[in-house]
Structures are given as C-alpha cells and as structure tokens.
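Trainee: Structure for the following, please:
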Amino acid sequence: MGREDKILERLSEIIRELDLEPGSRLPAERKLASQLEVSRNTLRNTLRMLEARGLVRIRMGSGTYLRTRLLTGMAQDALNLPHNPDKLLADQFEAAFMFLPVMATQCAVRIGERQLAELQQCNISLSRSLFAEEPEMVWSECLNFFHLMALGTGNEFVVRTVEQICSTDMSAHKLLSKIEREEREKIFAGHVKILHALRERNQEGVARLTEDYVLCLCRIIEEYEQVKMTDMLFKAMRGRERE
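Mentor: Sure thing, here's the model as predicted:
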C-alpha cells in the first residue's frame, strides 16, 4: 500500500470513528495532520486533491467539509489513475448517461424545498466559480450538484452510486480551463435547466435534460481531449445532432 493509500485509509477510519455525514466539518487542520501523522503541507495537498474530485469542500477561514462518506475503496479509486485513463473516462460517462437520468426522475418526485434551495445555492457557487475562472471549483460544484440531487431521492443506495460515479478522477477541471467561455456557459445553462425542471416536478423533462448535459460534456471531451467515447455515447450524440 502506497503512502497516499495509507493516508486515505486512516482518514476514512477517522471519518467512521467520528460518525461524520456529508456536510460535517472535518477536524481542524493541525489536529487532523497529527492524527494522520503527516505534515500540514501534505494534509493540504491531500485535501486539495479530494476537493478537486468532489469528495470534500474547503471553505477558507471555516474548514474542510465532507461531501461524501469517503469510503476507503472509493477514495483510493479517486486518487489512483488507471492504466488506461481514457477508457475510464469513457466508461464513467457511459455510466453517468445510463444512471443519472433515472436518478433525476426520482429526484423530481421526492426532492424537498430545502434541498431545492441547496441546489440553487450550488448553482450560485458554480456561477461565481465560472466568473472567477476557477476550473477546479467549477468542476467541484458540478459534481456536488448531482450529489445533492441524489440526496433528494432519499435513497441511500442511489446516493452511494452517484458518489461513486462522481468521485473518480476525470481530470475534467483541467479541461474546463481549456474550453471557450461559450462552452462553460452551456454547462452552467444545463444546471439551470435541470433545476427548473426539478422545481416543476417534470420527470420526463429532467431526464432528457440530464441526458443532454452528459452528452454535452462528452462532446466537449471528444473535441478538446480527443478521447473517444463508447459506442453507446457516440450513437446518442449523433442522434441528438440529427434531431
């Protein structure tokens, strides 16, 4: 087991011992570094990597907050690149295309007003990150948006599945720094449309919009990164172009 894996293993143990849930604040930096037996710089680097992958959120002057349960196996997968990262990227987006629209339909039925307000706040944070041109925070808010939607279903297994889909390293935050502003605005517009459909309890509409959102990201990745999507996604993208 490598050094990073050992840090994550211990961090996961601490989270379980403290019975922390998504939204809970992690121990203070000095205390956490001591518990992990690492320097504060090492801890900060680890937390920044976790934030870029949507697992935690760092708030300046406030602390670090848990976004997922950070289960050991999932956290390790989030930090360890596979032998073929392009295939992982394509497979992950295929999983997102298959699962997120189904999740969205249930969210439209079950989500409460408080959770809708949290999604609205997430979109505000996303807009600010786009304006400030902070690609890592943009991607973090994108992932958090769908995590909040999963919480809106009230189904624990749905939440865990979405956490898995949205936590693996896609290096998408690096991509966001390359694309044109118009493309970034399309991504934000997708979030706005999905939230509007959720407020209207429009199951069919939110499923379609979620599909469109995933396919938009797939098209951008193919164009800018030359990563070939799976046949399923390729056919879906071509189908949208013909409509």
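Trainee: can you pull out the helices in the protein?
Mentor: 3-17, 29-36, 40-52, 72-79, 85-110, 113-131, 135-153, 156-167, 172-176, 181-199, 203-225, 231-242 (DSSP state H).
Trainee: Low-confidence regions, the chain specifically.
Mentor: Along the chain, segments meeting pLDDT under 70 span 1-4, 52-54, 68-85, 136, 167-177.
Trainee: And the residue most central in space within it, how far from residue 13?
Mentor: Centroid-nearest residue in the chain: residue 143, 2.1 Å away (criterion: Cα atoms, centre = their mean). Taking Cβ to Cβ, to the nearest Å as the measure, residue 143 falls 24 Å from residue 13. Yep, even glycine has a C-beta here, placed from its N, CA and C like the rest.
Trainee: same deal with residue 192?
Mentor: On the measure of Cβ to Cβ, residue 192 and residue 13 end up 40 Å apart.
Trainee: Residue 55 now?
Mentor: Relative to residue 13, and taking Cβ to Cβ, residue 55 is found at 16 Å.
Trainee: these two touch, right, residue 104 and residue 208?
Mentor: No. Applying Cβ atoms under 8 Å as the test, residue 104 and residue 208 come out as separate, 9.3 Å apart.
Trainee: neighbour-wise, which of those two wins?
Mentor: Neighbour count, other Cβ atoms under 10 Å: between residue 104 and residue 208, residue 104 has more, with 27 against 16.
Trainee: Could you pull up the contacting residues of that one?
Mentor: 149, 194, 198, 206-207, 209-210 (Cβ atoms under 8 Å, 6 or more residues apart in numbering).
Trainee: Out of those residues, which comes closest to residue 158?
Mentor: residue 149 (9.4 Å; Cβ to Cβ).
Trainee: In contact with the closest residue to the closest one other than its chain neighbours: list those residues for me.
Mentor: Leaving aside its chain neighbours, residue 149 sits nearest to residue 107 (4.7 Å; criterion: Cβ to Cβ, 6 or more residues apart in numbering). Residue 107 makes contact with 149-150, 152-153, 198, 206, according to Cβ under 8 Å, 6+ apart.
Trainee: what's the most distant pair in those?
Mentor: 150 and 206 (13.2 Å).
Trainee: Report whether the expected contact of residue 217 with residue 183 is present.
Mentor: No. Using Cβ under 8 Å, residue 217 is not in contact with residue 183; the gap is 9.7 Å.
Trainee: Next, find the distance separating the residue lying closest to residue 125 once chain neighbours are set aside from residue 127.
Mentor: Residue nearest to residue 125 in three dimensions, not counting chain neighbours: residue 141, with 5.1 Å by Cβ to Cβ, 6+ apart. According to Cβ to Cβ, residue 141 stands 9 Å off from residue 127.
Trainee: who's more crowded, these two?
Mentor: Of the pair residue 141 and residue 127, residue 141 is the one with more neighbours under other Cβ under 10 Å, namely 24 against 16.
Trainee: so the more buried one touches residue 121, yeah?
Mentor: No. The pair residue 141 / residue 121 is not scored as a contact, 9.9 Å apart, by Cβ under 8 Å.
Trainee: Name the residues of stretch 188-207 that come out as buried.
Mentor: When burial is assessed from 16 or more other Cβ atoms under 10 Å, stretch 188-207 yields the following buried residues: 188, 190-191, 193-195, 197-198, 203, 205-207.
Trainee: With respect to residue 88, which of those is nearest?
Mentor: Distances from residue 88 to those, taken as Cβ to Cβ, are shortest for residue 190 (22.7 Å).
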